[in-house]
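Trainee: Give me a 3D structure for the following:
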Amino acid sequence: MDTIYLYNKYVSPIGWDEWTDVRRLTDWVAENWDKPDDGIWEVRTGRAHFTYSKVMCWVAFDRAIKAVEAHGYKGPVEHWRQVRERIHADVCKHGWSAKRGSFVQSYRSRELDASLLLIPMTGFLPCSDPRVRSTIEAIQRELTHDGFVLRYRTRKSLDGLPPGEGVFLACSFWLADCLIMLGRRDEARELFERLCRLANDVGLLAEEYDPRSGRQLGNFPQAFTHVALVNTAMNLSAEAKPVEQRADKKAA
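Mentor: I've put the predicted structure just below:
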């Protein structure tokens, strides 16, 4: 839905057949958003109410509503607005931990997760929101190794994996994007340049990196990482920043 929103806004509006598929998908999300799922990382210890997944369900309705407002598509937009508001309230109530001072990986959890960095990037809440700021600070403080971002702290009781996986490079680029949104461009550029220096002799990056051994780990090359790199490069240099385009509150 986010991709369709950007395509509608910057390329050309989709046709009626495609919109019919979008409506069918949106109706499905309306019936299923409040169910547990496996999360962005597909953890191995069972389904939960992952905060990131709920945020992306909010994104689906937000983008569908914008499509109706901007392009005149037909759809139950008032119902979608109501669902969007319910999801937003649900995440703010159950995905936020006042004790921890941050959003958390899943409802009733105390775990941090790098996917929470996408909360401001999707437009769910602005970086100026104190809850977003404190979440970014918590991730910097507790979920980084040598300045690079772990996706979360692995352990068998949490996801069935042993502790000690490498830092996730895409997540580290997400942190740079958040720093840009906070106006901390010098920090963002420094992190971006450090990440770029991890590339091999032909400029390719893997999924993960081990700061201890200096080795790239996981899937290689990893498109997820390179897309994040391009986005951060544009956020640092382009007038029309991808992160601002996604978070734009105006209709497409």
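Trainee: all strands for this protein, in order.
Mentor: Along the chain, counting by DSSP state E, strands occupy 96-97, 102-103, 144-145, 148-149, 167-168, 208-210, 215-217.
Trainee: Format the ones you listed as CSV; extra columns: mean pLDDT, distance to residue 193 and mean neighbour count.
Mentor: Quick note: C-beta positions are derived from backbone N, CA and C, even for glycine. Shown next, in CSV, are those (pLDDT from 0 to 100; distance: least, C-beta to C-beta, whole Å; neighbours: other C-beta atoms under 10 Å):
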stretch, mean pLDDT, distance to residue 193, mean neighbour count
strand 96-97, 95, 33, 18
strand 102-103, 96, 27, 26
strand 144-145, 90, 16, 16
strand 148-149, 94, 13, 24
strand 167-168, 90, 16, 24
strand 208-210, 88, 15, 22
strand 215-217, 86, 17, 17
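Trainee: Out of these, which gets nearest to residue 55?
Mentor: strand 102-103 (8.9 Å; C-beta to C-beta).
Trainee: contact partners of the closest one?
Mentor: Around strand 102-103, the neighbours that count as contacts under C-beta atoms under 8 Å, 6 or more residues apart in numbering are 51, 91, 95-97, 112, 116, 119, 131, 134-135, 138-139.
Trainee: now stretch 26-33
Mentor: 1, 54, 57, 60-61, 64, 75, 79-80, 83, 87.
Trainee: switch to 7 Å and redo it
Mentor: 54, 57, 60-61, 64, 80, 83, 87 (C-beta atoms under 7 Å, 6 or more residues apart in numbering).
Trainee: Neighbours of residue 130, how many?
Mentor: Burial measure for residue 130: 9 neighbouring residues, criterion other C-beta atoms under 10 Å.
Trainee: For it, which residues are in contact?
Mentor: Here residue 130 is in contact with no residues (criterion: C-beta under 7 Å, 6+ apart).
Trainee: rewinding a little: can you redo the strands of the chain as JSON lines with distance to residue 13?
Mentor: What follows is those, written out as JSON lines (distance: least, C-beta to C-beta, whole Å):
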{"stretch": "strand 96-97", "distance to residue 13": "36"}
{"stretch": "strand 102-103", "distance to residue 13": "34"}
{"stretch": "strand 144-145", "distance to residue 13": "41"}
{"stretch": "strand 148-149", "distance to residue 13": "36"}
{"stretch": "strand 167-168", "distance to residue 13": "35"}
{"stretch": "strand 208-210", "distance to residue 13": "39"}
{"stretch": "strand 215-217", "distance to residue 13": "41"}
